[in-house]
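> Quick one, fold the following:
(one chain, ligands or ions: 1)
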Amino acid sequence: MQMKAFCCFPQVCTYITTMSKENKTIYEFDFSLIYEHFANVERQGPGSPEATIKALSFIDNLTDKSRIADLGCGTGGQTMVLAQNAPGQITGLELSPEFIDIFNRNAAALGWQDRVKGIVGSMTEELPLEKDSLDLIWSEGAIYNIGFERGFNQWREYLKQGGYLAVTEASWFTDERPAEIHDYWIEHYQEIDTIPNKVAQIQKAGYIPVATFILPENCWTEHYFAPGSVAHEKLLNKYPGNKTVEEFVKYQRYEAEMFRKYKEFYGYVFYIAKKI
Ligand code: SAH
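Just a heads-up that it's a prediction; the model follows:
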């Protein structure tokens with residue numbers, strides 16, 4: 001299960017799981033390789049500072065005393081944007097200790113070590129946070145690790161009444177879509193669904209759906225694929241001729257190709273909800 005630490009995208013998760021079943025050596029190498037790749041990029045999933053700030057604009061209850069948690073925070077690209085644009089204490093929770101080291105170094109470099117802390121923990125377990133204590137839970141590109149509905153149901157307990165939950169989640173834009181992209185996603189993340197269906201799940205879990213918006217294309221191209229390509233070149237140069245590196249890069253390029261081909265059918269959506 002530890003290999004999940006570096007699954008930053010449902011597709012990458014499935015890739016590593018498949019490789020690990022086939023050959024343990026490849027799995028062990030992938031583990032450090034994928035860490036190395038994602039530690040080299042500022043964000044581990046699609047997103048942008050502008051999208052984080054836009055989502056934050058729907059949240060109106062924050063003060064210096066607020067308590068915020070960023071679940072599956074990665075190395076904290078979006079957490080630092082939150083810290084810059086919202087008051088309160090922020091706890092980042094992340095499965096990977098290596099990512100948390102980078103997170104805490106980044107927070108200290110910005111002088112925020114007293115209000116922004118990264119801790120190692122898993123969202124599949126009871127969270128190391130007090131029940132009914134949080135004003136805001138944030139989670140960009142990470143709720144898929146436990147599933148959207150489960151996340152909304154379980155995380156609600158940790159929010160104060162009137163507290164907010166803001167997440168990004170892979171979603172279909174249309175009721176129907178070409179089989180190739182449908183099958184590709186269903187293989188990796190069965191909970192992908194249309195925006196109205198996701199909103200209905202939010203309502204059912206005991207929240208008011210406050211806002212949804214589709215992450216603009218540059219959240220993928222400029223902030224996810226482009227830095228990813230630079231990191232790929234680094235890896236390819238560092239491990240010339242290495243089959244695993246080549247395959248991993250090929251796989252990630254395929255992911256980018258799928259997006260270019262089918263971006264009008266799916267994407268990441270910000271969902272902002274308020275606990276009733
Ligand atoms: N929020 C960051 C990272 C998204 S990638 C960003 O938007 O850039 C998903 C993150 O979830 C990865 O950092 C991965 O290590 C983390 N993760 C995977 N399983 C987890 C779990 N069970 N508990 C906490 N974090 C987990």
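> bridging residues for the nearest residue to Lys275 once chain neighbours are set aside?
In space, and not counting its chain neighbours, Lys275 is closest to Leu159: 4.5 Å by CB to CB, 6 or more residues apart in numbering. For every residue, glycine as well, the C-beta is placed using N, CA and C. With DSSP bridges as the criterion, Leu159 is bridged to Leu134.
> What's the local residue count around Leu159?
Neighbourhood size, Leu159 [other CB atoms under 10 Å]: 24.
> List the contacts of it.
Counting by CB atoms under 8 Å, 6 or more residues apart in numbering, Leu159 touches Asp132, Leu134, Asp135, Leu136, Ile137, Leu165, Lys275.
> Sort out which of these are in helices and list them.
Applying DSSP state H to those, no entry is found in helices.
> Redo those as JSON lines? Include pLDDT, neighbour count and distance to the ligand.
Below are the contacts of Leu159 laid out as JSON lines (pLDDT from 0 to 100; neighbours: other CB atoms under 10 Å; distance: CB to the nearest ligand atom, whole Å):
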{"residue": "Asp132", "pLDDT": "98", "neighbour count": "12", "distance to the ligand": "21"}
{"residue": "Leu134", "pLDDT": "98", "neighbour count": "25", "distance to the ligand": "16"}
{"residue": "Asp135", "pLDDT": "98", "neighbour count": "22", "distance to the ligand": "19"}
{"residue": "Leu136", "pLDDT": "98", "neighbour count": "24", "distance to the ligand": "15"}
{"residue": "Ile137", "pLDDT": "98", "neighbour count": "27", "distance to the ligand": "12"}
{"residue": "Leu165", "pLDDT": "98", "neighbour count": "28", "distance to the ligand": "14"}
{"residue": "Lys275", "pLDDT": "98", "neighbour count": "22", "distance to the ligand": "21"}
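> residue in the stretch 151-276 of the chain nearest to the ligand?
With CB to the nearest ligand atom as the measure, Thr168 is the residue of the stretch 151-276 of the chain nearest to the ligand, at 7.4 Å.
> is that residue in a bridge, and if so with what?
Beta bridges link Thr168 to Phe270 when assigned by DSSP bridges.
> pLDDT weak spots in the stretch 1-150 of the chain?
For the stretch 1-150 of the chain, applying pLDDT under 70 flags the ranges 1-31.
> Give me every residue in it lying close to the ligand.
4-8, 43-45, 47, 72-74, 77-78, 93-96, 99, 122-124, 140-142, 145 (CB under 6 Å from any ligand atom).
> picking up where we left off before, what's around the residue of the stretch 151-276 of the chain closest to the ligand, how many residues?
Neighbour tally, Thr168, other CB under 10 Å: 28.
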